[in-house]
Every structure is written in C-alpha cells, then in structure tokens.
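Q: the sequence isn't on hand, but the structure is:
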C-alpha cells in the first residue's frame, strides 16, 4: 500500500515503529494540505457572508462548545487572547472545530474576516485583518507556531 509520503507500507516490528510510521504519514499529509492551502485564493467574501454560509451552523447554537454568535460571555476569553491568536488557532482547528471550519475552499483572508465579524458582534473592536499586512503576518506566524505545537503533541 502506498502512503502520501510515497513510501510503501510494511508491517511494523513494534509499537514504536508503528508510531513513527504514523507520524511520518501524518506529517506528509499535513505538508500536502499546507501546500494546497497556500494556493487558495482570497475569494473576497465578507466576514458576514462567510459567517452566514459556513460558521452559523455551529456558532448560532454553540454546537460542541463553539462560542455563540453575539454572546459576549462566550467570546470574552477568546477576544482577550487577541485577534491574531484566535484567528490562527481557529484556522488550524480548535477543540471540536475542524481546520477552516471544515471548509477547505476558504482562504485565510476570508476566514480571518469571519472571525473578526463574529468577535465584533460580541463586542471586540477588531479590524478587517486583510487591510493590515502586519496583522496578517502575525496571524501567519501564530499559525506556524500552532502547527508546530500540534505536531509535537
């Protein structure tokens, strides 16, 4: 059986070998997905448009602990972490939320606008991050750090 890394599958000799093989496979798939993610163009949708089409399903009702739209109590701890942190962590997946909210067609810019829109509805005074290259750079840095943390776990 071929793996994403291109190597053929063979029976592992031990649990450690199995875990190393799994880790290699996961890292290869992550690298493949990251390469695809970098190539998703900004579709230009507003934060509200993305929220209405993607995020509302979970964030209206607080599914699986998602912070509810407009609920200041739910959003306060996230807002306190900062726009770059919560955007980056949500982008790569957070608790029950899959990466990109489960929508691989979203660009980072669209996702960031949606997070800003939702946080704003809960009282944050966040800006549209796509108009601030320094903020987008901080989001990308935080994303890279978070991916490294997750890979080490």
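A: Perfect, I can see it now. The shown structure was predicted, so the numbers you read here are calculated from the model rather than taken from an experiment.
Q: and the residue most central in space within the chain, what's its pLDDT?
A: The centroid of the chain falls nearest to residue 91 when counting by CA atoms, centre = their mean (1.5 Å). You'll see residue 91 listed with a pLDDT of 95.
Q: with residue 112 instead?
A: pLDDT at residue 112 comes out at 96.
Q: right, and it touches residue 138 too?
A: No - counting by CB atoms under 8 Å, residue 112 does not reach residue 138; the two are 10.8 Å apart. Where C-beta positions appear, they are placed from N, C-alpha and C, glycine not excepted.
Q: okay, now the domains of the chain?
A: 1-39, 44-152 (automatic domain parsing).
Q: ok, for residue 58, nearest residue in space, not its chain neighbours?
A: residue 66 (4.3 Å; CB to CB, 6 or more residues apart in numbering).
Q: the one you found and residue 135, how far apart?
A: Residue 66 sits 23 Å away from residue 135, going by CB to CB, to the nearest Å.
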